[in-house]
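>>> Need a 3D model of the sequence below.
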Amino acid sequence: METRTDLLSDDMLARFDERAPLYDRENRFFTEDFEELRRSGYLLATVPTEFGGAGLGLDEYSRLQRRLAYVAPATALAVNMHCYWTGVATDLLRAGDDSCRWILEKAAEGEVFHALHGEAGNDLPLLLAVATADRRDGGWEISGHKIFGSLTPVWTYGGFHADPDHPQIVHGFLPRATDGIQIIETWDTLGMRATQSQDTVLDRAFVPDDLVALVCPAGFAGAGQFQLSIFAWALLGFAAVYLGAAQRALDITIETMPKRTSIALTNSMAHHPEVQHNVAEMRIAFDAAEATLDRATADWTAGVEHADWPVRLVGTRYFVINQCFDIVDRALDLSGGAGVFKRNRLEQLFRDARMGRFHPGNTLLAHELVGKLCLGIDPDSAPRWG
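As a prediction, this is how the structure comes out:
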């Protein structure tokens, strides 16, 4: 299937590729990339055509994200935080639920959405919450400290979750201008520096009922289409980003190995058996990750009714991102040390790729959830640790 070049042209990609190292080095937001993506309509990629968007399904969007991440992983990762909300709203609307229709309308008007889900001490974001919600006339007051809030410089609506009373979770959206929202600049990180995912402190920030998408039981007991769609668009979107970065590392390796020499060899390093072994492992891992992601996104877009979608989504994200890190890690090994210098693109790719393993669905959570669900154990009722 052809990629939408009107949303992401070769000329755009060349400019993004040139700017990505600068954003990383200066630890600043990808302002120029973001404005180009806004103008091209990329921010409306997953918005239905009747709202003025491109109407891409998760499969087409995933391929587009991989293409963007090939040159600018941090740009792709941050944009995903907006596009997954419009993807979720589209899923709900097509299922006959218009509770998030307004997200599509606002996105078409130029509003930018992001996620206020990350919380220190919460390894089950979305399903459990550290932030609190107090009921008031006409809405809720939200208090808490949110972390990893990508798109901090530009977001206008933040999608949050909070806990009014431990059996419940409130899911809603806070406009940026709401009183009680404070941005704390903490983002000086190993990788993905251009996302500028600062902390957000909420102090009795009021959200009216018309911006509350759902109030439901906490944990898996309350999980429905809303949460499942977030898992699909967010987790598979993450996986697409890191697959794009891994493809870049693989291509750099294949291009440079025939140029590397050693006084111990009469031919280039491409003829070294261990180089060949590692390149083979990288390619096999890439093909497996690509096939896994493509199958999951195609099935989701087609509406295939897998009874075990949570297992498939968490498992796909875990497998793809870990395979991708292994590819980039091997690429750095094969660079012979050249890849550790800041002037080498592999140095940035390695740091960016490492960040993927922190994303929700990480090693601890993936194995617990997939194991319990496969064994028929209720994740909410069984003791989790100790």
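>>> Looking only at stretch 226-235, what residues are buried by neighbour count?
226-235 (16 or more other CB atoms under 10 Å). (C-beta placed from N, C-alpha, C; glycine too.)
>>> Also stretch 329-342?
Residues of stretch 329-342 classed as buried by neighbour count (16+ other CB under 10 Å): 329-332, 334-335, 339.
>>> ok, now stretch 5-17?
Within stretch 5-17, the residues that count as buried by 16+ other CB under 10 Å are 7-8, 12-13, 15-16.
>>> Just want the most central residue of this structure.
Phe238 (3.2 Å; CA atoms, centre = their mean).
>>> Give the full set of residues in contact with it.
Phe238 makes contact with 77, 80, 317, 321, 356, 359, 361, according to CB atoms under 8 Å, 6 or more residues apart in numbering.
>>> Out of the residues you listed, which one has the lowest pLDDT?
Within the contacts of Phe238, Gly361 has the lowest pLDDT, namely 87.
>>> burial count for it?
For Gly361, the tally of surrounding residues (other CB atoms under 10 Å) stands at 23.
>>> Quick one: residues contacting it.
235, 238, 313-314, 317-318.
>>> need the helices for the protein, in chain order.
10-26, 31-40, 58-71, 73-94, 101-108, 225-230, 236-256, 273-302, 309-334, 345-355, 363-374 (DSSP state H).
>>> Of those helices, which is nearest Glu185?
Comparison of those against Glu185 by CB to CB identifies helix 10-26 as nearest, at 14.3 Å.
>>> In the stretch 101-250 of the chain, where is pLDDT below threshold?
166 (pLDDT under 70).
>>> rerun that using 90 as the cut-off
For the stretch 101-250 of the chain, the stretches with pLDDT under 90 are 123-125, 164-167, 221.
>>> Isn't Tyr61 up against Cys83?
Yes. Between Tyr61 and Cys83 a contact is recorded at 6.6 Å, counting by CB atoms under 8 Å.
>>> Please identify every residue contacting each of those two.
Common neighbours of Tyr61 and Cys83 (CB under 8 Å, 6+ apart) are 45-46, 237.
>>> got a winner among these for most neighbours?
The most crowded member of the shared contacts of Tyr61 and Cys83, judged by other CB under 10 Å, is Thr46 (29 neighbours).
>>> Would you mind measuring from that one to Val112?
14 Å (CB to CB, to the nearest Å).
>>> Spatially nearest residue to Ile147, not counting backbone neighbours?
Gly118 (4.3 Å; CB to CB, 6 or more residues apart in numbering).
>>> same check, this time on Phe226
Leu214 (5.3 Å).
>>> what bridges to the one you found?
His171 (DSSP bridges).
>>> could we number from 18 for the rest of this?
Shifting the count to begin at 18 puts that one at Leu231.
>>> ok, it touching His188?
Yes. With contact defined as CB under 8 Å, Leu231 counts as touching His188 (4.4 Å).
>>> who has more neighbours, the two?
For the pair Leu231 and His188, the greater number of neighbours falls to His188 (23 against 18), based on other CB under 10 Å.
>>> Show me which of the shared contacts of Tyr78 and Cys100 is closest to Arg42.
Nearest member of the shared contacts of Tyr78 and Cys100 to Arg42, counting by CB to CB, is Gly254, at 25.7 Å.
>>> burial measure for the closest residue to the closest one other than its chain neighbours, as a count.
Closest residue in space to Gly254, ignoring its immediate chain neighbours: Asn97 at 4.1 Å, by CB to CB, 6+ apart. Neighbourhood size, Asn97 [other CB under 10 Å]: 27.
>>> okay, the buried residues of stretch 346-359 in a markdown table with distance to Asp227 next?
Formatted as a markdown table, those follow (distance: CB to CB, whole Å):
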| residue | distance to Asp227 |
| --- | --- |
| Asp346 | 47 |
| Arg347 | 51 |
| Ala348 | 49 |
| Leu349 | 50 |
| Leu351 | 55 |
| Ser352 | 54 |
| Gly356 | 51 |
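>>> Thanks again, I'm all set now.
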